[in-house]
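J.: sequence and computational prediction follow.
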Amino acid sequence: MSNASIIGAHNTEFGAFVRKDKRTGLMTDTRTYYDLLVEAGRGAIRDAGLEAKDIDAIYVGSCSPGSFINQEHVAPLAAEIDPALRFKPMTRCECACASSSVALYDAVYAIEAARYKHVLVIGVEKMNLLPTPQMTHVLACCSHWPTEGSRGMSFPMLFAEYAKGYQAQYKIPGEELERMLWTAGALCYRNGAENPLAHVRNGPASLEEIQKLNEVDDKGRCKNMMIAAPLRLHDCSLVTDGAAALVITQTANVSDRKRAVSIAGIGHSCERLAEGVRPNMYDLMAGKDAAAKAYGEAGIRPGDVDLAEVHDCFTINQILSTEALGFSTDGRGGYDYLDGRFTREDRIAINLSGGLKSKGHPVGATGASMHALIYKQLIGEPIGVPARKADIGVAFNVGGSAVTNCVTVLRKL
């Protein structure tokens, strides 16, 4: 077990914080990257009951601000949170969509080395200032460029390869796979409807509602259009702006145990970047390795977990993550969702926040947000749907096409 604990957190509202001029197409930024970073940092410090002068170092996770908003060297922006932070060490971490989980892990290592007492971790991203083609290109730069991004492979296409691999391995009929994917997605929409910070709160909340959107209207249009077969629009997560932050400390320094959560175990495992060189495309091998490391360090089994936030960037990854965490046996994850598992009433609840599909997916902020929302559940201050039982929670954050895998076990002190 690590000797680090979370003692405060803040999640900003997630959304598309831009205003578009329909005539000119010009975008106006209504809530900037800088605004989001400062709000998250100040909120977390306040939530921890500290003052900025008490923070010894800051780690910022952000995926690609240079391309999204023309701003690199973003860690020093944390000095704008409070004048007392000037001259503190500030470091940016980048691991695609797992950037802020990796920032958290680096902060844990610094705490464990006893270099710092209190560390602030921030995840932040601003994605909606770019038109969709440019945004897609920026994200594709997180793939293996020579064999994927440069050949037009988008992330929906990369995860569609996992969907096809899963279908072939377990011989799942096409219509059955679609029902699995849409059932998993609908669960997130149902939960997200009760999250006041979620990007989308009115998504199709049942399998039947999603199926209805597949119908083609008189003009030949389909609201749930195919993006990369077999993945449709509602199999894909959102393009979101937002930030989240955490304050961690040495567990021995915790003064209020009721508002502290132990980082009981972490598992950080990386897959080879190019999909074409992996042994198979039907399970998350590095994700399983990360889960085993995290469970081993925490001394728990999958059955001990009460709730989890999993990386549903695409519905197929929600199912694969469920299996990688050991909540379903291999090849049974989709069937378990069809059987009504992983709801708020189940023994293990998944994505009570609404997940990336409903809460939103500001890529660099997603890991910090997952940890912040689990933390709030474990201290009895849930944002949105409360967990039936909340003693042990797990965050499973993925970067790239299941390349960087970060599994964290959080436990009540």
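T.: Arrived safely. Since we're looking at a predicted model, the values are computed, not measured.
J.: the chain: strands as residue ranges?
T.: 4-11, 18-20, 27-29, 57-61, 90-93, 118-125, 226-228, 231-232, 242-250, 261-270, 307-310, 349-350, 392-399, 404-412 (DSSP state E).
J.: so which of the ones you listed comes closest to residue 363?
T.: Each of these has some distance to residue 363 by CB to CB; the shortest is strand 118-125, at 5.1 Å. Placement of C-beta: from N, CA and C, glycine included.
J.: tell me the mean pLDDT over that closest one?
T.: In this model, strand 118-125 has an average pLDDT of 98.
J.: so what strands line up beside that strand?
T.: Here strand 118-125 is paired, per DSSP bridges, with strand 57-61 (parallel), strand 242-250 (antiparallel).
J.: tabulate those strands (a markdown table), appending mean neighbour count.
T.: Shown next, in a markdown table, are the strands paired with strand 118-125 (neighbours: other CB atoms under 10 Å):
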| stretch | mean neighbour count |
| --- | --- |
| strand 57-61 | 29 |
| strand 242-250 | 29 |
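J.: and those as CSV, adding distance to residue 14 and mean pLDDT?
T.: CSV is the format used below for the strands paired with strand 118-125 (distance: least, CB to CB, whole Å; pLDDT from 0 to 100):
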stretch, distance to residue 14, mean pLDDT
strand 57-61, 15, 98
strand 242-250, 4, 98
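J.: figure out which of the strands of the chain is closest to residue 209.
T.: strand 231-232 (13.3 Å).
J.: how about residues contacting that closest one?
T.: 156, 159, 160, 163, 181, 214, 224, 225, 226, 314, 315, 316 (CB atoms under 8 Å, 6 or more residues apart in numbering).
J.: swap in stretch 154-172?
T.: 136, 139-140, 142-143, 148, 174, 177, 180-181, 227-231, 236, 275, 280-283, 313-314, 316-317, 319-320, 331, 334, 401-402.
J.: can you give me how far that stretch is from the chain middle?
T.: Distance, stretch centre to chain centre, for stretch 154-172: 20 Å (CA atoms, centre = their mean, to the nearest Å).
J.: buried residues of it, list them for me.
T.: Neighbour-count burial for stretch 154-172, counted by 16 or more other CB atoms under 10 Å, picks out 154-167, 170, 172.
J.: from the residues you listed, which two are the most distant?
T.: 154 and 170 (25.1 Å).
J.: residue 393 touches residue 300, doesn't it?
T.: No. Residue 393 is not in contact with residue 300 according to CB atoms under 8 Å; the separation is 11.1 Å.
J.: so what sits against both of these two?
T.: Counting by CB under 8 Å, 6+ apart, the shared contacts of residue 393 and residue 300 are 409, 411.
J.: so for those two, which sits in the more crowded spot?
T.: Higher neighbour count among residue 393 and residue 300: residue 393, with 28 against 17, using other CB atoms under 10 Å.
J.: could you find the closest non-adjacent residue to that one?
T.: With sequence-adjacent residues excluded and distances taken as CB to CB, 6 or more residues apart in numbering, residue 393 is closest to residue 374, at 3.9 Å.
J.: distance check, that neighbour against residue 225.
T.: Going from residue 374 to residue 225 by CB to CB, to the nearest Å gives 33 Å.
J.: neighbour-wise, which of those two wins?
T.: residue 374 (29 against 12).
J.: okay but that one is in contact with residue 306, surely?
T.: No. Residue 374 is beyond contact range of residue 306, at 9.9 Å (criterion: CB under 8 Å).
J.: overlap of the contact sets of these two?
T.: By CB under 8 Å, 6+ apart, residue 374 and residue 306 have these common neighbours: residue 393.
J.: tell me which entries of the buried residues of stretch 154-172 lie within helices.
T.: With DSSP state H as the criterion, helices contain 155-167, 170 from among the buried residues of stretch 154-172.
J.: center of the chain - which residue?
T.: residue 366 (3.6 Å; CA atoms, centre = their mean).
J.: residues in contact with that one?
T.: 97, 98, 100, 123, 311, 356, 397.
J.: on that earlier part again, and the buried ones among the contacts of stretch 154-172, selectable in ChimeraX?
T.: In ChimeraX, a selection of the buried entries from the contacts of stretch 154-172 looks like this (16+ other CB under 10 Å):
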select :136,139,140,142,143,148,177,180,181,227,228,230,231,236,275,281,282,283,313,314,316,317,319,320,331,334,401,402
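J.: restricted to helices, list the contacts of stretch 154-172.
T.: Filtering the contacts of stretch 154-172 for helices - DSSP H - leaves 136, 139, 140, 174, 177, 180, 181, 316, 317, 319, 320, 334.
J.: and the last one, what pLDDT?
T.: With respect to pLDDT, residue 334 has a value of 98.
J.: check the gap between it and residue 342 for me.
T.: 11 Å.
J.: cool, and the third one?
T.: The gap separating residue 140 from residue 342 is 31 Å, by CB to CB.
J.: and the fifth one, by the same measure?
T.: To residue 342, residue 177 is 18 Å away according to CB to CB.
J.: swap in residue 168?
T.: Look at residue 168 and residue 342: by CB to CB, they are 24 Å apart.
J.: same check, this time on residue 134
T.: Going from residue 134 to residue 342 by CB to CB gives 35 Å.
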